[in-house]
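Colleague: here is a sequence with its predicted model. Questions after.
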Amino acid sequence: MAEFLSQFRNFGLLSVIDIIVVTVVFYQFYMLIKRTRAVQLVKGVMVLLTVSLFAKYFQLKALSWLLDKLLQMFVIAIPVVFQPELRKALEQLGRGSFFTRHPLAPGVDNSEQVVEELVRCTQVLSKNRIGALIVIERKTGVQDFVETGIKIDGMVSSEFLVNIFIPNTPLHDGAVIVRQDRVAAAGCFLPLSINPNIQKDLGTRHRAALGLTEITDALAIVVSEETGAISVGIDGTLTRFMDEKMLRELLLRELEIKSPSLSMIPFWRW
């Protein structure tokens, strides 16, 4: 107790400044990786750290040894895993824009209205056989892919989306990314799936939809330019030839804003 009070007496102005600077740095880094896949990686590391502490507390020697080795590997793996975020942070630091005020996340959660606009849009695109790829962001951020396109930040409406995909327009190629009730960006580049079992008749849009949904929990709506068929990619799988009713029901189910109670969530999903 005396040692603690002695350290507390040495807590001066420099210590306060030190804590403030560290807090600001961590906050800026969090805002930098917000809405990216890096957030999920950080959560995974935090889970491993927590389990490691419990293992040491309960003297689980084998589990402690295994987790210690994993954490040692993370020291080398972190610069590789977070390479895009670290490079972006250094670039912003070099431009003097690292310590900036971040705006609040745009948009509100208005799932039903967004679903209706998306369904109307896809029906028009399908009828006219206009190819389209629309990504709907969920829990896993897709900011990395938003930055590959043209940022828009416009309200989701069927007329707006149809105009984006009109052939021979600047934003026709690439994907549109929807975040809550806003169109975050258009003309975005997505990773193509490397699954060797993909059907040979699927084009680039379908492969891009599968590629993104394999690494994130986003939804991807694809309208075929050749047949006008509507497909939806979820968790690396593609549901094809969807009509208006099927599409509406699927989107309403997958974008449900009401969270289930804890009693209905399996223990391993907490």
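Modeller: That came through fine.

Colleague: would residue 190 count as being in a helix?
Modeller: No - counting by DSSP: H, G, I helix; E, B strand; the rest coil, residue 190 is not found in a helix; it is coil.

Colleague: now the nearest residue to it once chain neighbours are set aside: which helix or strand?
Modeller: Spatial nearest neighbour of residue 190, chain neighbours left out: residue 208 (4.0 Å); criterion: CB to CB, 6 or more residues apart in numbering. (Glycine included, C-beta is placed from N, CA and C.) Assigned by DSSP states H and E, residue 208 belongs to helix 204-215.

Colleague: over to residue 238?
Modeller: Assigned by DSSP H and E, residue 238 belongs to strand 237-239.

Colleague: which neighbours does that strand have in its sheet, and in what orientation?
Modeller: Using DSSP bridges, the strands paired with strand 237-239 are strand 230-234 (antiparallel).

Colleague: tell me how far the partner strand is from the chain's mean position?
Modeller: Taking CA atoms, centre = their mean, to the nearest Å, one finds the center of strand 230-234 at 18 Å from the center of the full chain.

Colleague: flag the shaky bits of the chain, pLDDT-wise.
Modeller: Where the chain drops to pLDDT under 70, the residues are 1-12, 31-40, 78, 81-109, 257-270.

Colleague: tell me the domain ranges of it?
Modeller: Following the TED database, one gets these domains for the chain: 1-95, 110-255.

Colleague: quick one, helices of the stretch 1-150 of the chain?
Modeller: Under the criterion DSSP state H, counting those that start in this stretch, the stretch 1-150 of the chain contains helices at 2-9, 13-33, 38-57, 61-81, 83-95, 111-127, 143-146.

Colleague: follow-up on the earlier one: buried deepest among the domains of the chain, which one?
Modeller: Of the domains of the chain, the one with the most neighbours on average (mean count of other CB atoms under 10 Å) is domain 110-255, at a mean of 18.

Colleague: start to end distance for it?
Modeller: In domain 110-255, first residue to last residue: 10 Å (CA to CA, to the nearest Å).

Colleague: go on, stretch 219-231?
Modeller: Counting by CA to CA, the terminal residues of stretch 219-231 are separated by 11 Å.

Colleague: what's in contact with it?
Modeller: Outside stretch 219-231, the residues that touch it by CB atoms under 8 Å, 6 or more residues apart in numbering are 118, 122, 125-136, 138, 165, 175, 203, 205-206, 208-210, 212-213, 232-234, 238-243, 247, 251, 254-255.

Colleague: 7 Å instead, please
Modeller: 118, 122, 125-127, 129-136, 138, 205-206, 209, 212-213, 232-234, 238-242, 247, 254 (CB atoms under 7 Å, 6 or more residues apart in numbering).

Colleague: ok, residue 30 - contacts?
Modeller: By CB under 7 Å, 6+ apart, no residues touch residue 30.

Colleague: isn't residue 160 right next to residue 153, touching?
Modeller: No - the pair residue 160 / residue 153 is not scored as a contact, 11.8 Å apart, by CB atoms under 7 Å.

Colleague: quick one on the thing from earlier: you'd agree the residue nearest to residue 190 is up against residue 132?
Modeller: No - taking CB under 7 Å as the definition, residue 208 is not a contact partner of residue 132, at 11.7 Å.

Colleague: alpha carbons of stretch 166-183, as CSV, please.
Modeller: Provided in CSV are the C-alpha atoms of stretch 166-183 (Å, rounded to 0.1, in the frame of the first residue of the first chain):
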residue,chain,number,x,y,z
ILE,A,166,-26.5,1.8,-66.8
PRO,A,167,-24.0,0.5,-69.4
ASN,A,168,-21.2,2.7,-70.7
THR,A,169,-21.4,5.0,-67.6
PRO,A,170,-18.3,5.7,-65.5
LEU,A,171,-19.4,3.6,-62.5
HIS,A,172,-21.0,0.7,-64.4
ASP,A,173,-18.1,-1.6,-63.8
GLY,A,174,-17.3,-2.7,-60.3
ALA,A,175,-19.4,-3.2,-57.2
VAL,A,176,-21.7,-0.9,-55.3
ILE,A,177,-21.2,-1.1,-51.5
VAL,A,178,-24.2,-0.4,-49.3
ARG,A,179,-23.7,0.6,-45.6
GLN,A,180,-26.8,0.8,-43.6
ASP,A,181,-29.1,3.1,-45.6
ARG,A,182,-26.3,4.7,-47.6
VAL,A,183,-24.5,3.9,-50.8
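
Colleague: all set now, cheers.
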